[in-house]
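Enquirer: Coordinates for the following, if possible.
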Amino acid sequence: MSHPARLSSALALTTLLVGCIDYGFKAPTEPAAPPSDESAEDLDTGALPDEEPSTEDPTDDDGEADVTPDEPDEPDEPDEPDPEPEPCDGRTETVRIDVGFPETEGCRWEAGDNLSPVDARVRAVMTDSMEVDLGDDVEVCDVRFEFAHSEGGMGFMLQYDDQLLLTLNERIVFSTDRRLVEGQSVDREGLHLFDWMTVRDIEMDFSPEPWALGTDYELDMPPHDVLGSAYIAVDDAALSTLRDAATDDLVFSLHAFGDNDPSDCGHSGLDFWVELDVPVR
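Expert: Predicted coordinates:
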């Protein structure tokens, strides 16, 4: 025979268990193991292992994908035009000019910038000039004189009173007295420019030292107011620098100086040839 108290306890326990099952209660389980450090980092960043998280927004503000346009091509720079050939780089021809100064005598005292006669002073100059027109835009490539060293120099008979000086377009070629050259201004090529006012009234030297272009020259002149043999030989390279002074017009000038005598500012004449190399047109 069953015991009433034990039967009641068993029924109560059964009822309690059924109620727990109905209300979803489960028996406790073993706690899960904590995640490893690598797994924790992956969970924090939301990135897969071994992948760097992207910090760029792949879309623009309007939701469209950001596509970088191609850089435009740089325009090609125009080719530099070919330089114009130098006129003297092509064919040239030689033009020969015969220069002649006839015999002269006597100064024009107190005419123009000349002064009155004074003994042993440079008081007057007389200038005889010959002009040659080369035409427009003619470039002189080279110039040669009969009295160049390469031509053997030039010997001739000469008489002058008191001094002589030769110029081409105002550039001094030679002088019987170097003091007429010293103190004169020079151009960009270093050629002396004759200026009468620079030497007017300086002391007259009757036994002067002659002067010519360059350093390699020979000037053997008779004493002043004496007819005798003269010889001129000037360095070719020095004479060639005169090509820069040769423009559309060539002016050859022979200047004679005097102090106080009636025969002053005179000479027996001078003749020589000049050759110019110019481009063929």
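
Enquirer: Strands of the stretch 51-200 of the chain, start to end?
Expert: For the stretch 51-200 of the chain, the strands defined by DSSP state E, counting those that start in this stretch occupy 92-101, 124-133, 142-145, 154-158, 160-161, 163-168, 171-175.

Enquirer: So for Asp225, which of the ones you listed sits nearest?
Expert: Taking C-beta to C-beta, strand 160-161 is the member of the strands of the stretch 51-200 of the chain nearest to Asp225, at 4.2 Å. Where you see a C-beta, it was placed from the backbone N, CA and C, and this is true even at glycine.

Enquirer: Run me through the strand neighbours of that closest one, direction for each.
Expert: The pairing partners recorded for strand 160-161 under DSSP bridges are strand 266-267 (antiparallel).

Enquirer: Now do the strand it pairs with: everything it contacts.
Expert: Contacts to strand 266-267, defined as C-beta atoms under 8 Å, 6 or more residues apart in numbering, come from residues 101, 103-106, 126, 158-161, 164, 254, 256, 258.

Enquirer: do stretch 257-265 as well
Expert: 104-108, 117-126, 161-165, 180, 204, 225, 256, 266.

Enquirer: correct me, but Ser150 touches Asp235?
Expert: No: applying C-beta atoms under 8 Å as the test, Ser150 and Asp235 come out as separate, 9.3 Å apart.

Enquirer: Just want to know which of those two has more residues nearby.
Expert: Per other C-beta atoms under 10 Å, whichever of Ser150 and Asp235 has more neighbours is Asp235, with 18 against 12.

Enquirer: so who does that one touch?
Expert: Asp235 is in contact with Ala148, His149, Leu213, Gly214, Thr215, Asp216, Tyr217, counting by C-beta under 8 Å, 6+ apart.

Enquirer: Not counting its neighbours along the chain, what's nearest the last one?
Expert: Read it as Tyr217. Of all residues beyond its chain neighbours, the one nearest Tyr217 is Val234 (4.6 Å), with distances taken as C-beta to C-beta, 6 or more residues apart in numbering.
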